[in-house]
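Visitor: predicted model and sequence follow; I will ask about them next.
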Amino acid sequence: MKRTWFAALMICLVAGSVSAAEPVRVLAAFTLKPALDEVADGYRKTGGEVTLIYGPSPGLAQQIENGEPADLFFSADPMWMDELVKHQLVKRGAVTNFLGNHLVLIGKQGTSPVAMNGGLALIRLLGPGPLAMCDPNSHPAGRMAKASLTELGLWDSVEKTVARADNPLLAVKMVARGDAPYAVVFATDAMTDPGVAVVATFPDDSHPSIRYPVAILAKSANPDAARFFDYLLSAPSIDVFKRQGYVTPP
């Protein structure tokens, strides 16, 4: 009788420890939210648990440096992942760049496309603005936009018309609502609102390569961190990212 009671107790204890497993905590760039939410739903269907915390890549990197408990960091800019690697806050050899993107000019739905082959024509198109985009000093989308506009000889002409948005999704909303006639965002951001359309695509060689590094953090002790990391690189996840406009590996 005592053995039966003891065995039942052990089963309850084991079951309790399994159910108490901590979800994988992922700090991810806000611009990844539409796709990553869908990926996380797929992961949960496999029996895993994940908590997604979104924010700007620089701010998330700073939180990690300040000791924020997390298991993975998914950045929209390699610069901030490099910063964590430099401070040995990422597991050795754990950084993977498996997503890319394009930089585009968007206008309200119905706006005619233009060829990105003449600076003067583009300046006339943009007019008095405002031109919505993220802050080049604090967001990768803004940094890429400024780099491309500078390379094309347009930055000096449009800088004073720029309306700085906190994130690319807000820049998209500004165009959809009519608060700005145009915005420079990532191609994936343009797909989040049917009220906007891509007017032109900036040449990929006019700005630094757009990459999204993801890594397991050095202080992570969650045994499921590697499982979610592998799921991110799996075919179902790649299909989600590809469908939502990201450049994915073949």
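Guide: Happy to help now that I have it. If you're wondering where the values come from, they're calculated on a predicted model, not measured in any experiment. Numbering: from 1, shown residues only.
Visitor: L60 and A29 touch, don't they?
Guide: Yes. In this structure, L60 is within contact of A29 by C-beta atoms under 8 Å, at 7.2 Å. (C-beta placed from N, C-alpha, C; glycine too.)
Visitor: okay, and the common contacts of those two?
Guide: Residues touching both L60 and A29 (C-beta atoms under 8 Å, 6 or more residues apart in numbering): S75.
Visitor: domain-wise, how is the chain divided?
Guide: 20-100+211-243, 103-206 (automatic domain parsing).
Visitor: ok, of these, where does mean pLDDT dip lowest?
Guide: Lowest mean pLDDT within these: domain 103-206, at a mean of 90.
Visitor: and that domain, end to end?
Guide: By C-alpha to C-alpha, to the nearest Å, the extent of domain 103-206 from end to end equals 10 Å.
Visitor: and that domain, how far out from the chain middle?
Guide: 18 Å (C-alpha atoms, centre = their mean, to the nearest Å).
Visitor: got the domains of the chain as CSV, with mean neighbour count and distance to P249 columns?
Guide: Listed next are the domains of the chain as CSV, based on neighbours: other C-beta atoms under 10 Å; distance: least, C-beta to C-beta, whole Å:
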stretch, mean neighbour count, distance to P249
domain 20-100+211-243, 18, 6
domain 103-206, 19, 16
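Visitor: for F186, give me its contacts.
Guide: 31, 101-104, 141, 168, 210.
Visitor: among these, which ones are in strands?
Guide: Counting by DSSP state E, the part of the contacts of F186 found in strands is 103-104.
Visitor: for the contacts of F186, which one is nearest A40?
Guide: Set against A40, the nearest of the contacts of F186 by C-beta to C-beta is T31 (15.5 Å).
Visitor: how about the residue nearest the centre of the chain: what's its closest non-neighbour residue?
Guide: What sits nearest the mean C-alpha location of the chain, by C-alpha atoms, centre = their mean, is L32, with 3.2 Å. Distances taken as C-beta to C-beta, 6 or more residues apart in numbering place F74 nearest to L32, at 6.0 Å, with adjacent residues excluded.
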